[in-house]
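Participant: Take a look and give me a structure for this.
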Amino acid sequence: MRFFTVALALLAGALVHATPTTEIAARQVGDLQCNVDRLGIVAALATTQGTLKLLGSQLASDSAAAADVQSVESSITGAQDAIGVIAKALLEGQTAPAAARTDVIGNLTNAHSTLAGISASGASGVTLKAALAELAVAQSSGLGVIDNCK
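Facilitator: A predicted model of the protein is given here:
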């Protein structure tokens, strides 16, 4: 929920804060699709975190799978933290740090690789599929940010 709030602050701040040049200002605010993608990644990661909590509880008796779920949760948190760094930079009228963008991509890649390696069936299998689908939405939105927020 905290990252959804950051996203809304980013969107509002980008619309309110003036920046030194028109080019930077246009990139900061972004067009409608850019902002939809920004909100999309934030919302999808928050949803994925909730699903991972359920999956972790469903797989608690399998120590290896539970550890993998914790690893995925850490990667999602890392991506969210990097998005927060980017949001702060944009709100302050600065260029988003390349390292933060790299952190988002790396953490999402790690999360997907680890999550895809978990084996589950029954109710936990359904939850696993949901988590993978939510993560795919986050990844797609992240690619949208790269493509549309120039």
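
Participant: what's Ser119 sitting at in phi/psi?
Facilitator: For Ser119, the backbone dihedrals (degrees, to the nearest 10) come out as phi -110, psi 130.

Participant: In contact with it, which residues?
Facilitator: Contacts for Ser119 (Cβ atoms under 8 Å, 6 or more residues apart in numbering) come out as Ala65. C-betas here are computed from N, CA, C, even on glycine.

Participant: hang on, isn't Ala123 packed against Gln58?
Facilitator: Yes. Under the criterion of Cβ atoms under 8 Å, Ala123 makes contact with Gln58 at 6.2 Å.

Participant: May I ask you to confirm that Ile118 is in contact with Ser71?
Facilitator: No. With contacts counted by Cβ under 8 Å, Ile118 stays clear of Ser71, the gap being 9.9 Å.

Participant: Looking at the two, which has the bigger crowd around it?
Facilitator: More crowded of Ile118 and Ser71, by other Cβ atoms under 10 Å: Ile118, with 21 against 17.

Participant: any idea how far Ala89 is from that one?
Facilitator: Distance, Ile118 to Ala89, using Cβ to Cβ, to the nearest Å: 34 Å.

Participant: same question, Ala136
Facilitator: Counting by Cβ to Cβ, the gap from Ala136 to Ala89 is 27 Å.

Participant: Same check on Ser121?
Facilitator: Ser121 is 43 Å from Ala89, by Cβ to Cβ.

Participant: ok, those two, which is more surrounded?
Facilitator: Taking other Cβ under 10 Å, Ser121 and Ala89 do not tie; Ala89 has more neighbours (16 against 8).

Participant: Next up, phi/psi of that one, please.
Facilitator: phi -60, psi -40.

Participant: for it, what are its contacts?
Facilitator: Counting by Cβ under 8 Å, 6+ apart, Ala89 makes contact with Thr95, Ala96, Pro97, Ala100.

Participant: Below-threshold pLDDT in the protein: ranges please.
Facilitator: Within the chain, the stretches with pLDDT under 70 are 1-29.

Participant: how about 50 then?
Facilitator: 8-9, 11-12, 14-27 (pLDDT under 50).

Participant: Strands of that one, residue ranges please.
Facilitator: With DSSP state E as the definition, the chain shows no strands.
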